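1. Compute the structure for the input listed below.
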Amino acid sequence: MKVLVVGNGAREHAIAKKLAEEPIVMASAMAKLNPGIASLCKQNEIMDINKPENYEKFRDVDIAFVGPEAPLAVGVANKLEEMGVPTVGAVKETAKLEWSKAYARSVLTKNNIVGNPEYKICRNLIEVKEFLDKQPDVAVKPDVLTGGKGVMVTGQHLKTRAETEAYAAERIKSDGLVVLEEKLIGREFTLQAFSDGSRLKFMPLVRDFKRAYDNDEGPNTGSMGSFSCSDHNMPDLADAVVEKGKRIMQETIDAMRKTDGEYKGVLYGGFMTTKDDTYLIEYNCRFGDPEAMNVLSLLEKPLTEVGFGISEGKLPNLSFQKKATVCVYIVPDGYPDAPVKDQPLTVGEGIKSDIYYASVYDDNGVIKTTTSRAIALLGKGDSVSEARSMVYGDVDRVSGRVRYRSDIAAGIQ
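-> Next comes the predicted model:
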């Protein structure tokens, strides 16, 4: 069996590493060569992964896994399916759930799915001003993919109403509209699930740490680390809150099936539970990063079996090891504001944690950093504290001009 992995980050390395447990031949399509993925694949194609026509060379593939959101948004899954390749990844029409915030909100509203905060889709500055008169504290969300850097929040990124109006007007000019949402205060959490178009099979809960520095200080990042518990729950999340999030996700794919087609792939829901209720913040149409490393390291079912189940609309029952995981990202000095790049990294001997390469490159046998996250280490154990001891026992074995947060999952047993 030949399996294609699309993408070149740590998320895709996690997918490839899971697939490598099976007796398959693997191929990759990468924008830049990830040394971890490349080492697992017989065929590595460095190409523009966001051009569907570039995938003609993979007609001999038996199944494909598309990791990042951008290829899904431009129809790579559509192209692969047209070629007869079963694909784990939403087609363009349903991947719109991530790349259009207006569409995602509208799906809930039109189908009476309870879970939206107060919001408005604005196409001119008059509509922006009207909403700000009612809701002065907002999140301003572009209606296009922005690599996680487009959402601006009052009080954090936008200090005055004038700044808020100016940013909203900028997005309207470039994108045609902008989504304004009431600013929510509460506890964020995420849910990840496999979807076969009708059913969702949920994965263990994972909590990640967005802030750049210890004690949740500094700017937001892609994430500096994450953890999951051996019972697959979170100690500070009530079952009723989690069930509400699951209900919103299930009702969403049920509604989409009637109008826009079956949602097949991985669905990631970001939520906020407040003193009043639980709300959807956003959908992603792929695994989280680093959450993919936490959950895939625990998955007991062969990933190809899960993939074919998604494609055929017959997801199998899933099981996950009753283990805890802790993931710690190692990033360039200065990340995220002024990261040093092109610096050599040395991965020392004796590392017991799983290693995932992220945004690094191989320069004649020397691994070097870019301006983004470099390497993730994942420890596993019977408890979070045991997994944490493993991973923090290994982080200093990766040397170079790099740093990490020292408090991922601190105090969690």
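
2. Find the nearest non-adjacent residue to the residue most central in space within the chain, please.
-> Computing the C-alpha centroid of the chain and ranking residues by Cα atoms, centre = their mean puts Gly288 first, at 2.3 Å. Nearest non-adjacent residue to Gly288, counting by Cβ to Cβ, 6 or more residues apart in numbering: Tyr268, 5.5 Å away. Glycine gets a C-beta too; all of them are placed from N, C-alpha and C.

3. In terms of helix, strand or coil, where does that neighbour fall?
-> Under DSSP: H, G, I helix; E, B strand; the rest coil, Tyr268 falls in the strand class.

4. ok, how many other residues are close to it?
-> Per other Cβ atoms under 10 Å, the neighbour tally for Tyr268 reads 21.

5. who's in contact with it?
-> By Cβ atoms under 8 Å, 6 or more residues apart in numbering, Tyr268 lies in contact with Thr190, Leu191, Gln192, Tyr283, Asn284, Cys285, Arg286, Phe287, Gly288, Glu291.

6. Of the residues you listed - the most surrounded one?
-> Arg286 (28 neighbours).

7. separation between that one and Leu97?
-> 11 Å (Cβ to Cβ, to the nearest Å).

8. Lys368 too?
-> Taken as Cβ to Cβ, the span from Lys368 to Leu97 is 36 Å.

9. Settle it for me: which of the two has more neighbours?
-> Taking neighbours as other Cβ under 10 Å, Lys368 and Leu97 compare with Leu97 leading, 24 against 17.

10. isn't Leu184 right next to Pro117, touching?
-> Yes: look at Leu184 against Pro117 with Cβ atoms under 8 Å: they come within range, at 5.8 Å.

11. got any residues that touch both of the two?
-> Tyr279.

12. Among the contacts of Tyr268, which one lies nearest to Ile37?
-> Phe287 (14.7 Å; Cβ to Cβ).

13. Looks like the closest one contacts Gly67 (just checking).
-> Yes: with contact defined as Cβ under 8 Å, Phe287 reaches Gly67; the gap is 7.2 Å.

14. Quick check: neighbours shared by those two?
-> Arg11, Ile15.

15. What separation do you get for Tyr356 and Lys246?
-> 27 Å.

16. Show me which of those two is the more surrounded one.
-> The residue with more neighbours, out of Tyr356 and Lys246, is Tyr356; 28 against 16, by other Cβ under 10 Å.

17. Now do the strands in the stretch 301-413 of the chain.
-> Using DSSP state E, counting those that start in this stretch, the strands of the stretch 301-413 of the chain run over 324-332, 344-347, 354-357, 360-363, 366-369, 375-381, 398-399, 402-403.

18. Kindly report the same for the stretch 51-200 of the chain.
-> Under the criterion DSSP E, counting those that start in this stretch, strands of the stretch 51-200 of the chain are mapped to 63-66, 87-88, 119-122, 138-142, 152-153, 178-182, 187-196, 200-202.

19. give me the number of residues near Ile172?
-> 19.
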